[in-house]
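1. what would the 3D arrangement of this be:
(one chain, ligands or ions: 1)
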Amino acid sequence: MGVFRIRSALSNPMMETTASSPGKIILVGEHAVVYGQPALAVPVNEVTATATVRSSTVGSGLIIQAINLEQELTLAQSASEGLARAARLTLEHLGAAEPDVLITINSTIPPASGLGSGAAVSAAIIRSLATYLGFPLTNSETSALVFEVEKLYHGTPSGIDNTVVCYNRPVYFVRGSPPEIFHPKHSFSIVIGDTGVPSPTRDTVKAVRTKWESNPSKCDAIFSEIGAITQLARSAIVNGDILELGVLLNRNQELLELLGVSSQELHNLITSALDMGAFGAKLSGGGGGGNMIAIGPEDRIEAIRRSLLQAGAARVISSIIGSQG
Ligand code: MEV
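-> Got it, this is the predicted structure:
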């Protein structure tokens, strides 16, 4: 199979392929999802990572240029570099030899902020390279490969980030189970405020692990309640009850505070959104910094957006959840 694939790719090379992946946010369930509880995540198509594969000079091998990071990598760096690891895993999966190509990456997803930048960049590389070689991958295949790269970034990822950016749909996710796509009854706006403080997921996941090791029964009770919130949040979204969803976000935030993954900057943004009429607000992703999210009545969304900027948000993104059906 591998040999056939190499021959096919060489006899019918496409000169250029491009693939994009969205950012993501976790609505409810982060951290608890690492311990087997469900979580809900949605794509954020207002920010994207794009990879373009172009034929290069014979003998050049595979070179990756990450424009935003001002980084250039070769396949040999795949032991420590996620971008090169994504390309190597793709070639191994397809049984293909290293092609002479230049892969250019452009991303508007802020890194280390809880928006799934690493997963989206990996997904874009994997899809564009596989398509270039003549073997476009399914969402599930792409997601499995991105998951392997995520291990390099995060150590013990649950798999939720790779799933949502590869399926590009709202997902109900339980570690180790196939993702369930869910459909909001009505689309609704969400405001995403970035504290500007880096939030390396690896660090907060490790901090929660340490907390869990020192008090497993207390942490397990918190994870269980977060899991119950996720179930209720899914029902609220599917039934179009955004007010109820807001109440659930607020309780989820209290539990994340008990886990120790919130911060003063997140608290400031959350408070300002709630003061401006948000139904609910919480941190999203690993925490410690990074992003918070807020939902509210449609006629308050612009005011919430402005209040976050006034409260010191480095960047605010408004996104519509459920607009893709
Ligand atoms: C990171 O986006 C979400 C966490 O739950 C980690 C994970 O699920 O791998 C904090």
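2. doesn't residue 299 belong to a strand?
-> No - read with DSSP: H, G, I helix; E, B strand; the rest coil, residue 299 is helix and lies in no strand.
3. list the contacts of the residue of the stretch 101-250 of the chain found nearest the ligand.
-> In the stretch 101-250 of the chain, the residue that lies nearest the ligand is residue 158 (3.3 Å; Cβ to the nearest ligand atom). Quick note: C-beta positions are derived from backbone N, CA and C, even for glycine. Applying Cβ atoms under 8 Å, 6 or more residues apart in numbering to residue 158 gives the contacts 33-34, 39, 173, 175.
4. can you do 6 Å?
-> Residue 158 makes contact with 33-34, 175, according to Cβ atoms under 6 Å, 6 or more residues apart in numbering.
5. that one: what secondary structure?
-> Under three-state DSSP, residue 158 comes out as coil.
6. likewise for residue 146?
-> Under three-state DSSP, the three-state class of residue 146 is helix.
7. domain parsing for the protein?
-> As assigned by automatic domain parsing, the chain contains the domains 3-173, 183-321.
8. among these, where is the model least confident on average?
-> Ranked by mean pLDDT, those end with domain 3-173 in last place, scoring a mean of 91.
9. how far does that domain sit from its chain's centre?
-> Relative to the centre of its chain, domain 3-173 is centred 12 Å away, using Cα atoms, centre = their mean, to the nearest Å.
10. same question for stretch 172-185.
-> How far stretch 172-185 lies from its chain's middle: 14 Å, per Cα atoms, centre = their mean.
11. so how far does that stretch reach from one end to the other?
-> In stretch 172-185, first residue to last residue: 15 Å (Cα to Cα, to the nearest Å).
12. can you check stretch 76-89 too?
-> Stretch 76-89: ends 12 Å apart by Cα to Cα.
13. what residues does it touch?
-> 62, 64, 73, 75, 122, 125-126, 129, 145, 148-149, 152-153.
14. give me the nearest residue to the residue nearest the centre of the chain, chain neighbours excluded.
-> Taking Cα atoms, centre = their mean, the centroid of the chain lies closest to residue 116, which sits 2.7 Å from it. The shortest distance from residue 116 to any non-neighbouring residue, by Cβ to Cβ, 6 or more residues apart in numbering, is to residue 24 (3.8 Å).
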